[in-house]
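# From the sequence below, what's the structure:
(one chain, ligands or ions: 1)
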Amino acid sequence: MDGNGRWAKQRGLPRQEGHRRGLEALRRTVRNAGELGVRVLTLYSFSTENWRRPQTEVSFLLGLLRRFVENDLAELHESGVKVRIIGGRDDLAPDLRMLIERAEILTRGNDGMTLVVAFNYGSRDEIARAARRMAEAAVAGRLKPEAITEALLDDWLDTADLPDPELVIRTSGETRISNFLLWQAAYAEFVFTPVLWPDFDKAALEEALAEFRRRERRFGGLGEAEDRNVGAA
Ligand code: FPP
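The predicted model follows:
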């Protein structure tokens, strides 16, 4: 969800206004994704690196998360959305942790779209935390090193039980991954759009989904055309 700051700057507005409009785009996108049949939607709302921003901006973003959970949780729950939060929790303020846990507990029985909010999230941090907990389990005799496989590591990540993303969309013209789902996005398709996040609407989402459908996904194997060639050889 990149480009809030630039959206505001282009209009001579404070960055905070960009984030406020970013939250509106977030709400809109949750609704649109549900309508378009997306089963799991992950939104990168605050990275482990975002703590380096000025204190006022960090506080504002924390406030937006609080406001989002407090104001929107009931409606999300009513629409059958299951909420998951990924990212480090140990260093978060206790009230924020409780809010996050409440959202997950309230919605865990829902079977509609899963909304994953990546907050205080960084893929390297996630993998390091998983490795640390696995090492602790190994030392305690609860995990045999030879049992560690790709599938097992999957189960120790914040995204345990969630499918790998098929499509990653980055807005605002930047073409970096920025520490987002590095492990999980190994075979994801990437769509980079120049649209700034506050302007991201249903048409932009539909365009990204259409681009995804045009891609041929081979997962390291041969595509359909090559399969046929091999058969004819
Ligand atoms: C990147 O834009 C955006 C963020 C770091 C925050 C994303 C936040 C929202 C969409 C609002 C909802 C927030 C929560 C926590 C639910 P940027 O500020 O880096 O934009 P720029 O690159 O144009 O400066």
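# for the residue most central in space within the chain, helix, strand, or coil?
Centroid-nearest residue in the chain: residue 42, 3.1 Å away (criterion: C-alpha atoms, centre = their mean). Secondary structure assignment for residue 42 (DSSP: H, G, I helix; E, B strand; the rest coil): strand.
# Residue numbers of this protein in contact with the ligand?
The chain has residues 1-6, 19, 22-23, 26, 45-46, 50, 61, 64-65, 68, 172, 197 near the ligand, with proximity defined as C-beta under 6 Å from any ligand atom. The way it works is simple: take the backbone N, C-alpha and C, and place the C-beta from them, glycine included.
# who does the host helix or strand of residue 126 touch, helix- and strand-wise?
Using DSSP states H and E, residue 126 sits in helix 123-139. Counting contacts by 3 or more C-beta pairs under 8 Å, 6 or more residues apart in numbering; DSSP states H and E, helix 123-139 packs against helix 150-156.
# Tell me which residues are up against the helix or strand just after the helix it packs on.
Using DSSP H and E, the helix or strand that follows helix 150-156 in sequence is strand 167-170. Outside strand 167-170, the residues that touch it by C-beta atoms under 8 Å, 6 or more residues apart in numbering are 2, 176-177, 180-181, 185, 188-193, 205, 208-209, 212.
# how deep is residue 88 tucked in, by neighbour count?
16 (other C-beta atoms under 10 Å).
# Now it. Its backbone dihedrals?
In terms of degrees, to the nearest 10, the main-chain angles of residue 88 are phi -70, psi 140.
# Distance check, it against residue 132.
11 Å (C-beta to C-beta, to the nearest Å).
# Could you check which residue of the chain lies nearest the ligand?
Of all residues in the chain, the one sitting closest to the ligand is residue 5 (2.3 Å; C-beta to the nearest ligand atom).
# who's in contact with that residue?
So residue 5 contacts 15, 18 (C-beta under 8 Å, 6+ apart).
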